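Student: missing the sequence, but the structure's below:
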């Protein structure tokens, strides 16, 4: 089983729509969780950390469900600029992070 | 402020040649990571440096791969006798590295723009 699994998508949504997707992780001892975004042929960039109580950053909401070992990301009022691949990232041990293969989101006009 | 920088941005080489890739982490970041990303795939961990501790080389795919780091600054990744399957983007990341205190702010890794390696 992969350490971090994501639905690769693509999720094709119109501007203004809400899109949400999850990722599951296998290590129940994981304590740090992140969402990164990666644009085509660019490096990953931190979108947001995910805290136990869930957190929101503008149009983005992240949730953590430890019991079921999944993390979710919800994007409200999608913009064309939100088109990217979203990487789910979970710490593997003290210092290693495991990266999911990414979920591709395409927002169309 | 300055982020993580990598050089060269692109490298085309012939099979069998050696290549050296460079990474300059964010100043003050004690942890440095190298990853490989093949086209359309996720990030593959290669090696990790933390301060003066012995590096974690568990992700290096073969003995043709090696990396060094000078103190808490520059790192170089060397691939000897390159093969076509080595073609990928090699990404470097750094973090504050205040381990083992797991904290999202110290765990966050900041990536350089990567080196795109093409082995002909």
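Tutor: Noted; the coordinates are in hand. Bear in mind that the values here come from a model prediction, so they are computed numbers and not experimental data.
Student: tell me the SS of the residue positioned nearest the centre of chain B?
Tutor: Centroid-nearest residue in chain B: residue B:34, 2.3 Å away (criterion: CA atoms, centre = their mean). Under DSSP: H, G, I helix; E, B strand; the rest coil, residue B:34 falls in the strand class.
Student: tell me the contacts of it?
Tutor: Taking CB atoms under 8 Å, 6 or more residues apart in numbering or on different chains, we find residue B:34 in contact with B:23, B:46, B:47, B:48, B:67, B:75, B:77, B:90, B:91, B:92. For every residue, glycine as well, the C-beta is placed using N, CA and C.
Student: if we go to 7 Å?
Tutor: By CB atoms under 7 Å, 6 or more residues apart in numbering or on different chains, the residues touching residue B:34 are B:46, B:47, B:67, B:77, B:90, B:92.
Student: any idea which of the residues you listed has the most stuff around it?
Tutor: In terms of neighbours by other CB atoms under 10 Å in any protein chain shown, those top out with residue B:92 at 28 neighbours.
Student: so what's that one up against?
Tutor: B:4, B:6, B:23, B:32, B:33, B:34, B:75, B:112 are the contacts of residue B:92 under CB under 7 Å, 6+ apart.
Student: can stretch B:19-27 be found next to chain A?
Tutor: No: using CB under 7 Å from any CB of the partner chain, stretch B:19-27 never reaches chain A; the gap is at least 11.7 Å.
Student: Mind listing the residues bridging to the residue nearest to the centre of chain B?
Tutor: In this entry, residue B:34 is beta-bridged to residue B:47, residue B:92, by DSSP bridges.
Student: Check the gap between it and residue B:112 for me.
Tutor: Using CB to CB, to the nearest Å, we find residue B:34 at a distance of 10 Å from residue B:112.
Student: Figure out the helix or strand that residue A:62 lives in.
Tutor: Element membership for residue A:62 (DSSP states H and E) is strand A:60-65.
Student: Can you list the buried residues in that strand?
Tutor: A:60, A:61, A:62, A:63, A:64 (16 or more other CB atoms under 10 Å in any protein chain shown).
Student: same question, stretch A:28-47
Tutor: So for stretch A:28-47, counting by 16+ other CB under 10 Å, buried means A:30, A:32, A:33, A:34, A:35, A:36, A:37, A:38, A:43, A:44, A:46, A:47.
Student: Can you read off the pLDDT for residue B:96?
Tutor: As summarised for this prediction, residue B:96 has a pLDDT of 85.
Student: if I read this right, it contacts residue B:32, doesn't it?
Tutor: No: contact criterion CB atoms under 7 Å: residue B:96 and residue B:32 do not qualify, at 11.3 Å.
Student: Quick check: residue A:24 touching residue A:66?
Tutor: No: counting by CB under 7 Å, residue A:24 does not reach residue A:66; the two are 11.8 Å apart.
Student: Please enumerate the shared neighbours of the two.
Tutor: Going by CB under 7 Å, 6+ apart, no residue sits against residue A:24 while also sitting against residue A:66.
Student: More neighbours: the two, which one.
Tutor: Using other CB under 10 Å as the criterion, residue A:24 and residue A:66 rank with residue A:24 on top: 19 against 13.
Student: Okay, and that one sits in which element?
Tutor: Assigned by DSSP H and E, residue A:24 belongs to strand A:19-25.
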